[in-house]
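**Q** fold the following.
(3 chains)
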Amino acid sequence: MSLAELICPAGTPAALRTAVDAGADAVYCGFQDATNARNFPGLNFTPEELAEAVAYAHAKGAKVLLALNTYPPAGKVDLWRQAADTGARLGVDAFIVADMGVADYIARTHPGIRLHLSVQAAASSPEAIRYYCENFGVKRVVLPRILTIPEIRQIRKEIPCEIETFIFGNHGLMVEGRCSLTNYLTGQSTNMDGVCSPASDVEYARHADGSMSSQLAGFTIDCFGAEEKAGYPTICKGRYTAPHRPKGYYAFEEPISLNLSQLLPELIDAGVHAFKIEGRQRSKSYVRGVVTAFRKAVDDIRAGRPANMADLVALTEGQKQTQGAFETKKWR
Amino acid sequence: MAVREMIKLTLGPIAYHWSAERRRDFYARIADEAPIDEVYLGEVICSKRAPFFEADLPATLERLERGGKTVILSSLAEVMLKRERKATADLAELASPEIEINNAAGLYARGDRPHRVGPFMNAYNEAAIAWMASRGATHVCLPGELPAPSIDVAAQAARALGLGVEVQVFGRASLAVSARCYHARAHHRTKDNCQFVCEEDPDGMPLRTSDDRPILRVNGIQTQSESYIDLLPEMGRLIADGVTHLRLMPQAVDMVAVAGLYREALDGRQTVAAAEEGLRALCGNVAFSNGFYHGAAGYRRIANAVPA
Amino acid sequence: MSSTVDTNPRNRTIGGAVVSRLACAAVQPILSRVVRRVAARHPSLFARLGPHQSTDFLIDPIELPFALHLRPDPKALVFRAVPRDAAPKAGAVIRGRFLLLLELMDSEEDGDAAFFSRDLEVAGDTEAVVRLRNALDDVDGSIAEEAAAMFGPPGKAILARLRRAYSET
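**A** Numbers count the residues shown, from 1 in each chain, chains lettered A, B, ... in the order given. Predicted structure coming up:
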C-alpha cells in the first residue's frame, strides 16, 4: 500500500460511491446495528448494500474497511461474530475492531483478513499497541486524538504496525472506548450500542430572543445566542457552570472540529501511514468536499508541491477548527 | 447466608487528589475499623499525583495487611507519557502484592503472569473475559455501565473459568477519561501547569447545566457521575448471578460507616431498607443512582420491585 | 450567510393568508406528481425512514408564502402545500431558506454545516429529521432536477432561474 492513504467515511452507499469517486484510497463503513460506533438512525449498510459497495469500491481500486468497533455486552457477542462472518463473505479488506473478544474471534476465524485497531481501543502507547499486534496480528492502529506529532514519531519507532491518524472532523475529547457520558443521561451506550447523543433524545428549542437551546434527555447541554454558531448536542461540548466558573463555560471543549490540513507533511514525515477523515454521520456533500480537498492536498505533497488546501471551515462544528493535541501539549 | 458471608467487600482506589495526610488517616481507619476484605491502592487517574504519596505506599500497604486486608495495587487507566509507561512497567514486575491492570500497556508488560483486570479494561463480555483469562487474568472488575443481564452472563462465564468477579456498588461512576485536565481548564491552566488545583475538590468538582441542574463531576482528566451509584438493594441479585466481590469507591463521606452498612446488609444483620436509610443519612444531599444496572439512564434511581 | 427573513408567523398579515391559500392551490398538483415520482424511483428511501414513515414533517421554506407537509408513508404518501396558519401538528419541523432546503434535499449542502451556521433550524423529533436527512442523502442524483425534468424544458428553465436568482442574493 502506498504512503499517506486517505481513509474516508461512508454512512450510506451513495456516500461510499461519492468518497470513492472523490479519490478515497479506502472507505470505512458499518452495518445497521450496534456492531459499529455510528449506529445512527437511517445510517449504514445492509449486507446487500455492503456487497454492492465492495464491488463498486474494488472496481475503482479502493478498499472497504468494516467497522466492528464497539464492545459487545455479555450475551450478545454473536451479533458481532455474525457481522464479522458476513463482512468476510462479502470480501471486505479489513476489520476495524476494539474488543479483545471480537479481535480474538476474527484472528482465529478469518486470519486472512487484515485487522485494524480502532481508536475505540484507546491504544496510546507502544506497549498497548504491541499487545494487540502480538496477540491478534493487528496490522494498523488508529491512534487516539490525544498525541503530539513528536509523540507519534516516537511511537512509530517502537511498533511493528502501520499508523492511521484522524486529520479532519469531530474532535473527540474523551478517550474513545472509555466514555459512558451518553449512557449516563440517555440509557443508550456508546460502547455497547454504538450511539453518541442519540437523536431520539435530542431536542432543540428556539427562544423568543433568537437563541436556541439544545437538550439531551431533558438536560440542557448548551444555549446558543442568536448570532452564535452551533455545535452538536454532545455532553463533552456542553456549557456548564462550576464553582469557579459561575457564568458558564465549555468545561471540556467548545464546538470545534479537528483540521490537520496544515500538518500533513509533518505527519507523513513522522511515519503516519494513513489519514482518516471522520464523519460517517455526515452528508455526501461533506464527503465530496472534504475528500476532494484532502485528495488534492495529499497528491500535491506526494508530488513535492506545496499543498493548496481548500477552505473547509464551513463544514466544521461551530464553524471553528483546531489542530488539537497534535500541535502542542498545551492543549491538555 | 453462608454464600453471602463469602462475598468480599472491596475498597476501590481513591480517584481524587487527597493529600498524603488525608490518605494516611483514611487508610489507618480503614485498616482498623472497616469491615472491608480487600483494598486497591495506587493512583489510577493522574500520573502527576503519584509522587505525593508514593513514599507512603509501603507503610499503608503494611498497615492494611496488618488489619487483615488483602491489598492490590492498581495501575494507571491512561498510559501515554514516559513516566506513565515506566510506572506501568514497574508495577507489572511486582511478584507481590497482587496487581490490577487498567491499561493494555500493563497487560503487555505483565504477559501471562497472574493479574486482576480493572474496570477501565473494558471486559464487557464472555469472549473478552475468556481471552483475558487465557493470558493470566485471575479476577475481573466489570465495566460500570454493564446492565444486569450482561453482568449475569459475564459473571457466570468468568466463574466457570475460575475468576473472581467484581462490580462497583457504591460511589461515583467513572464516565470518561481524557488526555486533557478539566480541573486545570476550569482554572484557566493547562495540565502541565495545573498546580494540583484538583486537591480543592475531594469529592470532585461539580458541574451544573445552564438551568442549574447538577449533572457531572470533574476529577482532573476524569469525568464522573454526579450521583453515587448505590446497589445496596441489588446486592442479592448480583450475588445470585455469580458476582464475588462488591466494590465501594472512596468518596468524601464516612467510608467506614458506609462499609459497615453494606456488610451488615450482606450478613442479614440489617434489612436493606434500614441500610439504605443509614446510607442516605451518611451521604447528605448526594443523589443515588442505579440506572446502569437496570439498563436505564445511569443517573436514574430505579425502584426495586423485589428488594433482596 | 445569516438570514434576515422574518420567520415569525404572527407577523404575517391577513392579506398574506389569502395569498398563501391561493399559492397552495396553485402548487399542489405539482407537489403530488413530484413526490409520487420520487417514491417510485427511489424505494430504498423508505427503509431508511424506518418508523418515521408515518411521521408528519413540516418543511418550512421561510420566504415562501406556504409551508410543506410531508408524510413519507409509502402506502399513503402526503406532500402538500399548507398555509402556515393552517399547518397540521407536525412531529418534526425543518426550517430554512427555500434554496437551502432544495440543496439539502440534493446533498449539495451539508445539513450539519447548515445547522452549525444556524441557517437551518429543526424542532420536534430530532430522530425523524436525522432519518429523513439520511434517507434523502442515499439518493443518487438530484431530486430537484428529476422533478424539474418532469415538466420538460420549461421546468428545467424555472429551476435554473430559481438557482440563479438565489445565487445573486
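**Q** in what helix or strand does the residue sitting nearest the centre point of chain C lie?
**A** The residue lying closest to the centre of chain C (CA atoms, centre = their mean) is C:Ile59, at 4.8 Å. Assigned by DSSP states H and E, C:Ile59 belongs to strand C:57-61.
**Q** after that strand comes which helix or strand?
**A** Using DSSP H and E, the first helix or strand after strand C:57-61 is strand C:67-71.
**Q** same for that following strand, what does it pack against?
**A** strand C:57-61, strand C:78-82 (3 or more CB pairs under 8 Å, 6 or more residues apart in numbering or on different chains; DSSP states H and E). C-betas here are computed from N, CA, C, even on glycine.
**Q** distance check, the residue nearest to the centre of chain C against C:Leu100.
**A** 11 Å (CB to CB, to the nearest Å).
**Q** find residues that contact each of these two.
**A** Overlap of the contact sets of C:Ile59 and C:Leu100 (by CB atoms under 8 Å, 6 or more residues apart in numbering or on different chains) is empty.
**Q** now do the same for residue 166: helix, strand or coil?
**A** You didn't pick a chain, so chain A it is. Counting by DSSP: H, G, I helix; E, B strand; the rest coil, the backbone at A:Phe166 sits in strand.
**Q** hm, I was asking about chain B
**A** Quick answer, by three-state DSSP: B:Glu166 is strand.
**Q** find the nearest non-adjacent residue to the residue nearest to the centre of chain C, please.
**A** Closest residue to C:Ile59 apart from its sequence neighbours, by CB to CB, 6 or more residues apart in numbering or on different chains: C:Leu68 at 4.2 Å.
**Q** adding mean pLDDT, write the helices and strands packed on strand C:67-71 out as TSV.
**A** Shown next, in TSV, are these (pLDDT from 0 to 100):
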stretch	mean pLDDT
strand C:57-61	96
strand C:78-82	94
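**Q** return the most buried member of these.
**A** Mean neighbour count (mean count of other CB atoms under 10 Å in any protein chain shown) peaks for strand C:57-61 among those, with a mean of 21.
**Q** and stretch C:137-149, what's buried?
**A** Buried positions in stretch C:137-149, judged by neighbour count with 16 or more other CB atoms under 10 Å in any protein chain shown: C:137-139, C:142-144, C:146-148.
**Q** need phi/psi at the residue in chain C positioned nearest to chain B.
**A** Closest approach between chain C and chain B, counting by CB to the nearest CB: C:Glu127, at 16.7 Å. Dihedral pair for C:Glu127: phi -60, psi -40, per degrees, to the nearest 10.
**Q** contacting residues around it?
**A** A:41, A:198-200, A:202, C:52.
**Q** take these and keep only those in strands.
**A** A:Val202 (DSSP state E).
**Q** just put the contacts of C:Glu127 in CSV and tack on distance to B:Leu146, neighbour count and pLDDT.
**A** Formatted as CSV, those follow (distance: CB to CB, whole Å; neighbours: other CB atoms under 10 Å in any protein chain shown; pLDDT from 0 to 100):
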residue, distance to B:Leu146, neighbour count, pLDDT
A:Pro41, 24, 26, 96
A:Pro198, 19, 23, 96
A:Ala199, 24, 21, 96
A:Ser200, 22, 16, 95
A:Val202, 25, 22, 96
C:His52, 31, 25, 97
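**Q** pLDDT score assigned to residue 110?
**A** By default, I'm working from chain A. We have a pLDDT of 98 for A:His110.
**Q** not quite, go with chain C.
**A** 93.
**Q** pretty sure it sits against A:Arg288.
**A** No - contact criterion CB atoms under 8 Å: C:Asp110 and A:Arg288 do not qualify, at 9.2 Å.
**Q** those two: which is more packed in?
**A** Using other CB atoms under 10 Å in any protein chain shown, the more surrounded residue of C:Asp110 and A:Arg288 is C:Asp110, with 26 against 18.
**Q** follow-up on the earlier one: pretty sure the residue nearest to C:Ile59 contacts C:Ala81?
**A** Yes - using CB under 8 Å, C:Leu68 is in contact with C:Ala81, at 6.0 Å.
**Q** what separation do you get for the residue of the stretch 101-250 of chain B found nearest chain A and B:His139?
**A** Nearest residue of the stretch 101-250 of chain B to chain A, counting by CB to the nearest CB: B:Ala127, 2.6 Å away. Distance, B:Ala127 to B:His139, by CB to CB: 18 Å.
**Q** same question, C:Phe66
**A** Distance of C:Phe66 to B:His139, computed by CB to CB: 67 Å.
**Q** what about the strands in chain B?
**A** Counting by DSSP E, the strands of chain B are B:8-11, B:38-41, B:70-74, B:98-101, B:115-117, B:137-141, B:164-177, B:205-209, B:214-219, B:222-230, B:245-248, B:288-289.
**Q** quick check, C:His69 in contact with C:Gly91.
**A** No - between C:His69 and C:Gly91 there is no contact, the gap being 11.0 Å when judged by CB under 8 Å.
**Q** need the residues touching each of the two.
**A** What both C:His69 and C:Gly91 touch, as defined by CB under 8 Å, 6+ apart, is the set C:56-57.
**Q** burial check on C:Ala25, number of neighbours?
**A** 11.
**Q** give me every residue that touches the residue nearest to C:Val78 when sequence neighbours are not counted.
**A** Once flanking residues are discounted, C:Val78 sits nearest to C:Arg71: 3.9 Å by CB to CB, 6+ apart. C:Arg71 is in contact with C:54-57, C:77-79, counting by CB under 8 Å, 6+ apart.
**Q** buried ones in the top helix by length along chain C, by neighbour count?
**A** Criterion DSSP state H: the longest helix present in chain C is helix C:14-41. Buried residues in helix C:14-41, counted by 16+ other CB under 10 Å: C:20-21, C:24, C:27, C:31, C:34-35, C:38-39.
**Q** from the centre of chain A, point out the most distant residue.
**A** By CA atoms, centre = their mean, chain A has its most distant residue from the centre at A:Ala208, 36.4 Å.
**Q** quick one on the thing from earlier: name the residues contacting each of C:Leu68 and C:Ala81.
**A** Listed as contacting both C:Leu68 and C:Ala81 by CB under 8 Å, 6+ apart are C:Leu31.
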